[in-house]
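Undergrad: Generate a structure from the sequence data that follows.
(2 chains)
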Amino acid sequence: AQSVAQPEDQVNVAEGNPLTVKCTYSVSGNPYLFWYVQYPNRGLQFLLKYITGDNLVKGSYGFEAEFNKSQTSFHLKKPSALVSDSALYFCAVRDGYSSASKIIFGSGTRLSIRP
Amino acid sequence: DVKVTQSSRYLVKRTGEKVFLECVQDMDHENMFWYRQDPGLGLRLIYFSYDVKMKEKGDIPEGYSVSREKKERFSLILESASTNQTSMYLCASSLLWGGDYNEQFFGPGTRLTVL
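TA: Down below sits the predicted model:
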């Protein structure tokens, strides 16, 4: 079965420093991977996705993610963190390739950026 | 912009009541989903639908049912609410999975408390 793991419940970073939020996956076949963000009191928003092609995927709000097949990872990164990046981040993988397939979400990582 | 709306932001019900959560999307999406979000558990899929009158069980369907009579509306029903169904409920929609493996658009959520 497809799955994703987010090994860190919380990540703390100083404003202006680079940030990384980790995600590892387990799939059979080619992975379709996503990152979503949830700001306080708001619904989830799509950030970026990896389907195929370049291993470095660029998304919204200056975020990017690096797909690494050998390490089965899809870490979210940003070169310079902002206080406004503080939110809950979810990694997700698509479970299968049919019209009835679904998205499986990780447990989430809370990112806290201190001024 | 895609808009996914949910009928209530906050709801308080009593044990044993029948509860209806409504979700409406305005972008003609084929897929619709209901998740519950609990701290440390991420998002867990309850049910999803990829067409009118079609439904598929997710990972935790017990105690829930759904209805999709029209393309834009997907209802989640708690037949007899219990305290362990106290949670944040999120609705999402997406285009039918195709070559682009589309992202999901989420509503703001309904925080349900069962007393």
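
Undergrad: Tell me which helix or strand the residue sitting nearest the centre point of chain B sits in.
TA: Geometric centre of chain B, nearest residue: B:Trp34, 2.4 Å, by Cα atoms, centre = their mean. Per DSSP states H and E, B:Trp34 falls inside strand B:31-38.

Undergrad: So, low pLDDT: which residues of chain B?
TA: B:1-2, B:97-101 (pLDDT under 70).

Undergrad: hang on, the earlier thing: strand partners (parallel or antiparallel) of the strand holding B:Trp34?
TA: strand B:42-49 (antiparallel), strand B:87-94 (antiparallel) (DSSP bridges).

Undergrad: which bits of chain A sit near chain B?
TA: Counting by Cβ under 8 Å from any Cβ of the partner chain, chain A comes close to chain B at A:6, A:9, A:32, A:34, A:36, A:42-46, A:49, A:51, A:90, A:94, A:97-108. (Each C-beta comes from the backbone N, C-alpha and C, glycine too.)

Undergrad: I'd like to know which of those residues are buried.
TA: Neighbour-count burial (16 or more other Cβ atoms under 10 Å in any protein chain shown) is assigned, among those, to A:6, A:32, A:34, A:36, A:43-46, A:49, A:90, A:94, A:101-108.

Undergrad: Can you list which of the residues you listed are found in strands?
TA: A:Phe34, A:Tyr36, A:Leu44, A:Gln45, A:Phe46, A:Lys49, A:Phe90, A:Arg94, A:Lys102, A:Ile103, A:Ile104, A:Phe105 (DSSP state E).

Undergrad: So A:Ser84, which state does it fall into?
TA: helix (DSSP: H, G, I helix; E, B strand; the rest coil).

Undergrad: bridging residues for B:Ser65?
TA: For B:Ser65, the residues forming beta bridges with it (DSSP bridges) are B:Ile77.

Undergrad: how near is it to A:Ala65?
TA: 36 Å (Cβ to Cβ, to the nearest Å).

Undergrad: For these two, work out which one has more neighbours and name it.
TA: A count of neighbours by other Cβ atoms under 10 Å in any protein chain shown puts A:Ala65 above the other of B:Ser65 and A:Ala65, at 27 against 13.

Undergrad: Run through the residues that contact the more buried one.
TA: A:Leu33, A:Trp35, A:Leu48, A:Tyr50, A:Leu56, A:Val57, A:Gly59, A:Phe74, A:His75, A:Leu76, A:Lys77 (Cβ atoms under 8 Å, 6 or more residues apart in numbering or on different chains).

Undergrad: And the helix or strand harbouring B:Leu112, how far out from the chain middle?
TA: Per DSSP H and E, B:Leu112 falls inside strand B:110-114. Relative to its parent chain, strand B:110-114 has a centroid offset of 13 Å by Cα atoms, centre = their mean, to the nearest Å.
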